[in-house]
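Undergrad: below is the sequence, then the predicted model.
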Amino acid sequence: MAVTLGVAFTVTANFDMEKYTGLFTLLVISWVPIEVVMGLGWRGDYPDTKGLSQPWKGMLLTGFMCLFGTLVCFGLLNFMGAGVVHPFIIVYAIVTVIVTFFAIIAFGMWPFHKMSLPAKGFLSLVCAYILAGLILRLFNFSMLSYPAGVRPSPVAAVAFYAPGGPFAALAGISPKGPFCWESALSFLIWMVLFLFVFAYLEMWPINKVRSLMQQPVLGILLSIITGVCAYIAHIVGIIVLQIEPLNFLVNGICYIFGLLMFMLMFQMWPGRGLKPPYAGFIKLILAIGIGILSFYGIGAFCKWHFGKAFVYPNNWFSMANVMLGLIFPAWAAYGGFWDFWPLSPTQGTSNP
């Protein structure tokens, strides 16, 4: 924890807000989908590192991740972003991360799961990028719905990609779907949050019915259930409690942050000796506390570092990037690729 948090905060401290929420964010988010495939899909078995000890194994896997993700980053920038880093292209990268998690965790890389290791991984990733692009067609980037950063907003929505907005020149490539982009992105983040909840519970109670654990039934069922749960959370958080959507999005990321901390850094401790789903419930409760601490702790760090630039919507973007773009990938790489080198790994366990 000390190593990964220290690296993340040190890297963040070397950027101003404009650069941090610009190309740097697009770059690090572009690393995450291939990292998810390498860690959860390939289990660190591809690229082949047999015969390599640490730190050479970690260097090879991290280098492959960075090279692949960097190529994707500049591909997105030039072929989809018109050569300019702007919110739509960054949101596309984030949605791809979400879809990749569903492709690996919910669907088990179906329908490519019987193919060779590299084939099923790369094909799942290609489908994730295609599906993310289709999902983005439902987003509407025309307006910034809550320019004051609160809900209800004391001022009317302002142009974002619409004429008169800061990204009006890029309006031709931004979607104009039926759902405002802030709420739609928040909804998807909460869907993946509930997906992690089911992963923690080892798919309980779905696993009680064997026929439901087959693909694609499991993937479809998880997509429906997590969508319903996210919708209920949306009603409670945004409609009833009047939380601004990007604020609600960051709340969800903070809880994911807590879940991933126990999954990746503590290797499912505490309670891993208990039978499921009891161990999962213990960590779910603890993750809520970690999420609250991270919301205020990382928020305080970003506010201190970015100063006057820490204003809506970049305040939420910067916090999200510290967790989703830096700390989570650092945890996944340090535990999964580097095996906690030069520290001694926990014996008798493996990263999920």
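TA: Yep, that arrived. Numbers count the residues shown, from 1 in each chain.

Undergrad: what's near enough to touch Val155?
TA: 147-148 (C-beta atoms under 8 Å, 6 or more residues apart in numbering). (C-beta placed from N, C-alpha, C; glycine too.)

Undergrad: need the three-state assignment for it.
TA: When classified by DSSP: H, G, I helix; E, B strand; the rest coil, Val155 comes out as coil.

Undergrad: list the buried ones in stretch 149-169?
TA: Going by neighbour count (16 or more other C-beta atoms under 10 Å), the buried part of stretch 149-169 is 151, 158-162, 165, 167.

Undergrad: take these and keep only those in strands.
TA: Among the buried residues of stretch 149-169, DSSP state E puts 158-159 in strands.

Undergrad: out of the buried residues of stretch 149-169, which comes closest to Gly289?
TA: For those, the minimum distance to Gly289 (C-beta to C-beta) is 25.6 Å, reached by Arg151.

Undergrad: my read: that closest one touches Pro245, true?
TA: Yes. If you go by C-beta atoms under 8 Å, Arg151 and Pro245 touch, sitting 7.5 Å apart.

Undergrad: so where's this structure uncertain?
TA: Low-confidence segments of the chain, defined by pLDDT under 70: 345-352.

Undergrad: quick one: contacts for Val11?
TA: Leu326.

Undergrad: SS state for it?
TA: Classification of Val11 using three-state DSSP returns helix.

Undergrad: quick check: it vs Leu241, distance?
TA: As defined by C-beta to C-beta, to the nearest Å, Val11 lies at a distance of 33 Å from Leu241.

Undergrad: what ranges do the strands span in the stretch 1-150 of the chain?
TA: In the stretch 1-150 of the chain, the strands defined using DSSP state E, counting those that start in this stretch lie at 139-140, 143-144.

Undergrad: now mean neighbour count and distance to Tyr200 too, for these, in CSV please.
TA: Listed next are these as CSV, based on neighbours: other C-beta atoms under 10 Å; distance: least, C-beta to C-beta, whole Å:
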stretch, mean neighbour count, distance to Tyr200
strand 139-140, 22, 29
strand 143-144, 22, 35
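
Undergrad: that older thread, touching both of Arg151 and Pro245, which residues are there?
TA: Residues touching both Arg151 and Pro245 by C-beta under 8 Å, 6+ apart: Ile238.

Undergrad: and the helices in the stretch 201-350 of the chain?
TA: Taking DSSP state H, counting those that start in this stretch to define them, one finds helices in the stretch 201-350 of the chain at 217-234, 245-260, 278-306, 314-320, 328-332.

Undergrad: in CSV: those helices, plus mean neighbour count and distance to Ile104.
TA: Output for those, formatted as CSV (neighbours: other C-beta under 10 Å; distance: least, C-beta to C-beta, whole Å):
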stretch, mean neighbour count, distance to Ile104
helix 217-234, 17, 10
helix 245-260, 24, 14
helix 278-306, 17, 19
helix 314-320, 23, 21
helix 328-332, 23, 12
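
Undergrad: what's the closest of those to Cys73?
TA: Cys73 sits nearest to helix 328-332 of all those, at 13.3 Å, using C-beta to C-beta.

Undergrad: what does that closest one rub up against?
TA: Defining contact as C-beta under 8 Å, 6+ apart, one finds that helix 328-332 is touched by 4, 7-8, 28, 31-32, 35-36, 39, 256-257, 260-261, 264-265.

Undergrad: can you say which of these are buried?
TA: 4, 8, 28, 31-32, 35-36, 39, 256-257, 260-261, 264-265.

Undergrad: which one of those residues is nearest Gly133?
TA: Of all these, Gly133 sits closest to Val32, with 16.7 Å by C-beta to C-beta.

Undergrad: quick check: closest non-adjacent residue to that closest one.
TA: The shortest distance from Val32 to any non-neighbouring residue, by C-beta to C-beta, 6 or more residues apart in numbering, is to Val97 (4.8 Å).

Undergrad: was I right to think the one you found contacts Ala320?
TA: No. The criterion here is C-beta under 8 Å, and Val97 misses it with Ala320 at 11.3 Å.

Undergrad: tell me, how many residues neighbour the closest residue to Thr96 other than its chain neighbours?
TA: Excluding its sequence neighbours, the residue lying closest to Thr96 (C-beta to C-beta, 6+ apart) is Ala132, at 4.2 Å. Counted with other C-beta atoms under 10 Å, residues neighbouring Ala132 total 21.

Undergrad: now swap in Leu185 and tell me
TA: Applying other C-beta under 10 Å, we find 22 other residues in the vicinity of Leu185.

Undergrad: for Asn14, same thing?
TA: 10.

Undergrad: how much space is there between it and Met213?
TA: Distance of Asn14 to Met213, computed by C-beta to C-beta: 46 Å.

Undergrad: quick revisit: a markdown table for the strands of the stretch 1-150 of the chain, including distance to Asp48?
TA: Output for these, formatted as a markdown table (distance: least, C-beta to C-beta, whole Å):
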| stretch | distance to Asp48 |
| --- | --- |
| strand 139-140 | 39 |
| strand 143-144 | 47 |
